[in-house]
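>>> Everything below, folded, please.
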Amino acid sequence: MNTPAVLHTPGFSHYSLQWSPFYNTKLALASSANFGLVGNGRLHIVSLVPGPGGLPAIQLDKYFETQDGLYDVAWSEAHENHVVTASGDGSIRLWDIMLDNLAIAAWQEHTREVFSVDWSNIQKDTFVSSCWDGTVKVWKPDRPRSILTLQAHQSCTYQALFSPHQPDLISTCSTDGTIKIFDLRSPSYAVGPGMNSFTNPLSSAVLTVPASASEVLTVDWNKYRPLVLASGSVDRMVKVWDCRMVKMGDSQVGGACENSLAGHEYAVRKLQWSPHKADALATASYDMTCRVWSTAPMGPQPPLRYIHDAHTEFVVGCAWSLYEAGLLATCSWDSRLNIFRP
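Numbers count the residues shown, from 1 in each chain. You can find the predicted model right below:
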């Protein structure tokens, strides 16, 4: 399946996508009109289906309209039909894909664009969001407000992700060039009488990684190696960080870069480790390509294993299938979703 299956959604540029953890062929796609600069958004629910001649095709199952552009999407880990979205108007909405075009819950605490949402795959009733206002908030979908607020960075926090290994660890990345790891078990998060994190945001990271002299746009946890992260930044570099040599629990600056991957021609907008191979990493870039790398020592072989260059605009999202090893999806400002096998 090197020739991609393609879905075109005219008028809506894509920002993010995620495979369902319950349905092996279903994806959610967050999109915005006018490249996300102004106008409304759409949440697309799509499926990979058999097409003509037995070749795979992408079917649009349903879409939901929003008043502002959507920047990110995450499937619930607890309910097979629930999806949460991050919006440019600062709102977060929860959708049931079996219902009509109305969100079943909405939250409006962030003061600027919400740029990422991520559902914990361990503590399955919890998700996290990050915002251009620098804050990160932890949520439970049955609560009317967030349960925890972190002042993670002083400037835009592009992404916040729960660790797939430890439910109390959250990684973030920012315009300030750092990756931070927050441990929600840390004593610094104990809240005294009459205090709460909503009015007194917490800011104590257990580890700060000076990852780049430029903005770090994306980060991801390795699914097989705890405390190993990958980052992508405006300086076009992809880096792999080993944080295991730093004792967790003390506020420290550290993290060892064990691999630097050069090759993208413009900023790296999104990356994701494979859920099936510890050393396979996919990256999406403003150079209109998605690339697949091997981070294992390869001797004379180059780490770059594949370049997908079928898009005609910025590639801003990439995601490996959770069920089918080696199947990769990409989305772009060219209003196209591609699914292929590198």
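>>> which other residues reach the helix or strand bottoming out on mean pLDDT in the chain?
None of the helices or strands of the chain scores lower by mean pLDDT, DSSP states H and E than strand 252-253, at a mean of 80. Residues from elsewhere that reach strand 252-253 (CB atoms under 8 Å, 6 or more residues apart in numbering): 206, 207, 208, 209, 210, 246. No exception for glycine: its C-beta is placed from N, CA and C like everyone else's.
>>> next one: phi and psi at the spatially closest residue to residue 108 that is not a sequence neighbour?
Closest residue to residue 108 apart from its sequence neighbours, by CB to CB, 6 or more residues apart in numbering: residue 91 at 5.0 Å. For residue 91, the backbone dihedrals (degrees, to the nearest 10) come out as phi -100, psi 160.
>>> Quick check: the gap between residue 91 and residue 320.
Between residue 91 and residue 320 the distance is 29 Å, computed by CB to CB, to the nearest Å.
>>> pLDDT below threshold where in the stretch 51-200 of the chain?
187-200 (pLDDT under 70).
>>> So which residues of it form strands?
Assignment of strands within the stretch 51-200 of the chain using DSSP state E, counting those that start in this stretch yields the ranges 56-66, 70-75, 82-87, 92-96, 105-107, 114-119, 127-131, 135-139, 148-151, 157-162, 169-174, 178-183.
>>> Quick check: which helices or strands does the last one pack against?
Going back to what we said before, that points to strand 178-183. Taking 3 or more CB pairs under 8 Å, 6 or more residues apart in numbering; DSSP states H and E as contact, the helices and strands that strand 178-183 lies on are strand 169-174, strand 207-210, strand 216-221.
>>> what does the longest one give?
Identification of packing neighbours for strand 56-66 by 3+ CB pairs under 8 Å, 6+ apart yields strand 5-8, strand 41-50, strand 336-340.
>>> mind listing what the longest one pairs with, with the direction of each?
Strands adjacent to strand 41-50 in the sheet, as given by DSSP bridges, are strand 26-33 (antiparallel), strand 56-66 (antiparallel).
>>> Would you mind saying which of the ones you listed lies nearest residue 155?
Ranking the strands paired with strand 41-50 by their distance to residue 155 (criterion: CB to CB) puts strand 26-33 first, at 22.0 Å.
>>> So what touches that closest one?
By CB under 8 Å, 6+ apart, strand 26-33 touches 9, 11-20, 39-48, 61, 69-73, 75, 83, 85-86, 88, 97, 319, 329, 331, 335, 337.
>>> ok, now stretch 50-64?
1, 3, 5-7, 9, 26, 42-49, 95, 97, 101, 103, 337, 339.
>>> what comes up buried for it?
If you call a residue buried by 16 or more other CB atoms under 10 Å, then stretch 50-64 has these buried ones: 56, 58, 64.
>>> isn't residue 268 right up against residue 238?
Yes - in this structure, residue 268 is within contact of residue 238 by CB atoms under 8 Å, at 5.7 Å.
>>> Those two: who's more crowded?
residue 268 (28 against 24; other CB atoms under 10 Å).
>>> Without its sequence neighbours, what residue ends up closest to the more buried one?
Leaving aside its sequence neighbours, residue 268 sits nearest to residue 232 (CB to CB, 6+ apart; 3.0 Å).
>>> Identify the residues contacting the one you found.
Counted by CB under 8 Å, 6+ apart, residue 232 has contacts 216, 217, 218, 219, 238, 267, 268, 269, 270, 271, 283, 285.
>>> Direction included, what does the host helix or strand of it pair up with?
Using DSSP states H and E, residue 232 sits in strand 228-233. Applying DSSP bridges, strand 228-233 is found paired with strand 216-221 (antiparallel), strand 238-242 (antiparallel).
>>> so can I have CSV of those showing mean pLDDT and distance to residue 34?
As requested, the strands paired with strand 228-233 are arranged in CSV below (pLDDT from 0 to 100; distance: least, CB to CB, whole Å):
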stretch, mean pLDDT, distance to residue 34
strand 216-221, 98, 21
strand 238-242, 96, 29
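>>> Can you say which of those is packed in most?
strand 216-221 (a mean of 25; mean count of other CB atoms under 10 Å).
>>> quick one: it to strand 114-119, angle?
Relative orientation of strand 216-221 and strand 114-119, computed by axes from the mean of the first three to the mean of the last three CA atoms, to 10 degrees: 0 degrees.
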